[in-house]
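Participant: Please work out how this folds:
(chains A and B)
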Amino acid sequence: MFEFTLHASEGAARAGTLRLPHGEVLTPAFMPVGTYGTVRGLHPEEVEQAGAQIILGNTYHLHLRPGEAVIGAMGGLHRFTSWRRPMLTDSGGFQVFSLAGLRKIGEDGVEFTSHIDGSVRTLTPESSMDIQHALGSDIAMAFDHVVPGQASWELAEEGMERTLRWLDRCKARHDALAVGRDGGKAVDDPVPPFRPTTIPRQTLWPIIQGGSHDDLRMRSLEGTLERGPWTGTAIGGLSVGEPKPVMHRVLEALAETLPRDRPRYLMGVGFPEDLVEGIARGVDLFDCVAATRNGRHGSAWTSAGRVNIRKAAHRTDERPLDAECDCATCARFSRAYLRHLFVVGDILGLRLISLHNVRFLLRIGELARAAILARSFDRWSREWLRRYHAKEEA
RNA sequence: GGUGGGGUGGCCGAGUGGCUAAUGGCAGCAGACUGUAAAUCUGCCGGGCUACGCCCUACGAAGGUUCGAAUCCUUCCCCCACCA
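Facilitator: I've put the predicted structure just below:
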């Protein structure tokens, strides 16, 4: 159920296959983010056809709405959303960072003031595990404490040590829940025609913290591995305000010690260039909201850099966003039309660019994998980065 | 013809003597966005300049009152409503 096979590597870059209860994930891979149980604006069919093998959901946001009780009653997140492939749920740890103004951290857990109705919600390592269990994701993430990229050594150490202590509690709760599941009680298949099946086991991945400080990162990794074994390892707390060279340095520092036979997931990253740079440093899995958020805001990635579709320059631009792209948007629509959709504020524009961006990142995973398998990743990645950076605006 | 209301920067629309080159919104132009409080947010938005300040031109038109007017007065032009 949780196998990872490494097929090839070139330098630090790796190509593998991850087997999960709901299917396989060929790596390196980008995982589109569906915080609220939907990859914003996109039909699951479109997400699938774009090549997504696994998507994310979010513990905190799904806990607020509709609540894990509703999702549990609806047969789990897969069945509720009709997404049939693997899913990973984030623990709510990132909201400790992103909702900094609305929460209070204690050793037991985090108190959030709901941005929806002002009610106070407490998330602890245990409740995060319980919620993710009810959601029924293939991969549950440990509840961690993310600090800003500029955080001092002291603050980063505090977050890192707390993440380790919380990891113990996550593991204990996760193990206890797994015992309950091992009876293999029959439930409906998550998608029509709802054949009876066995509740798939969920696996738990730990998260490395330590901010921008290499020594803390290594301590975090060592402390995490001591608590293993794990079926995968995540690196969190990057792309949260630190300079890119720092992220690269941290990845390089961790690469040697990370288990070679387990997938590595760089959380919340990234932009196209971050995927290529990350793969080059041994990362197998990525996720990022930028594809859909920037898409909704009219910003598209292309093989020749970024395109802001709202710009007047595209008023009569007959070209697709990216002539080399094989997405459904580029196959059919001109920049002029996409710009028009943004100008008039039609939802189709947001959808089409989101779809393009999602496909763009998924394709980077596919191309990188093919290059690694062909032992040409080094050449491919250097050429890719050169072209991407050649023109800032296509 | 009469009575009443009104004409403000591309559009809508505040402002009724100085702090007004003129609140807002829209449109326009540009930027940001990395485990989603985001179809959001930020900046610019009369013209010119040897610009953190100066000079033009501006609130229907012309004239007037005043140290000072988009704001008050006079005349004219135009729009709307109702009555003839």
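Participant: And RNA strand B, is the helix of greatest length in chain A touching that?
Facilitator: Looking across chain A with DSSP state H, the single longest helix is helix A:153-181. No. Helix A:153-181 is not in contact with RNA strand B by C-beta under 7 Å from any atom of the strand; minimum separation 8.7 Å. Placement of C-beta: from N, CA and C, glycine included.
Participant: buried residues in that helix?
Facilitator: Within helix A:153-181, the residues that count as buried by 16 or more other C-beta atoms under 10 Å are A:156-164, A:166-167, A:169-171, A:173-174, A:177.
Participant: I'd say A:Gln202 and A:Ala140 touch.
Facilitator: Yes. Counting by C-beta atoms under 8 Å, A:Gln202 touches A:Ala140, with 5.3 Å between them.
Participant: helix or strand right after the host helix or strand of A:Val343?
Facilitator: Assigned by DSSP states H and E, A:Val343 belongs to helix A:335-344. Per DSSP H and E, the first helix or strand lying C-terminal to helix A:335-344 is helix A:347-373.
Participant: model confidence over that next one, on average?
Facilitator: Average pLDDT, helix A:347-373: 98.
Participant: Quick one: distance of it to the chain centre.
Facilitator: Centroid displacement of helix A:347-373 relative to its chain, using C-alpha atoms, centre = their mean, to the nearest Å, is 14 Å.
Participant: tilt between it and helix A:335-344?
Facilitator: Put simply, helix A:347-373 runs at 130 degrees to helix A:335-344, going by axes from the mean of the first three to the mean of the last three C-alpha atoms, to 10 degrees.
Participant: Quick check: buried residues in helix A:347-373?
Facilitator: Going by neighbour count (16+ other C-beta under 10 Å), the buried part of helix A:347-373 is A:349-365, A:367-369, A:371-372.
Participant: what do A:Gln202 and A:Ala140 both touch?
Facilitator: Common neighbours of A:Gln202 and A:Ala140, using C-beta atoms under 8 Å, 6 or more residues apart in numbering, are A:132-133, A:174.
Participant: Looking at those, which is nearest RNA strand B?
Facilitator: Within those, proximity to RNA strand B (C-beta to the nearest atom of the strand) peaks at A:Gln132, which comes in at 11.5 Å.
Participant: residue ranges with poor pLDDT in the stretch 251-394 of chain A?
Facilitator: Low-confidence segments of the stretch 251-394 of chain A (pLDDT under 70): A:391-394.
Participant: for it, what spans make up the strands?
Facilitator: Here the stretch 251-394 of chain A has its strands, by DSSP state E, counting those that start in this stretch, at A:264-266, A:285-288, A:299-302, A:305-308.
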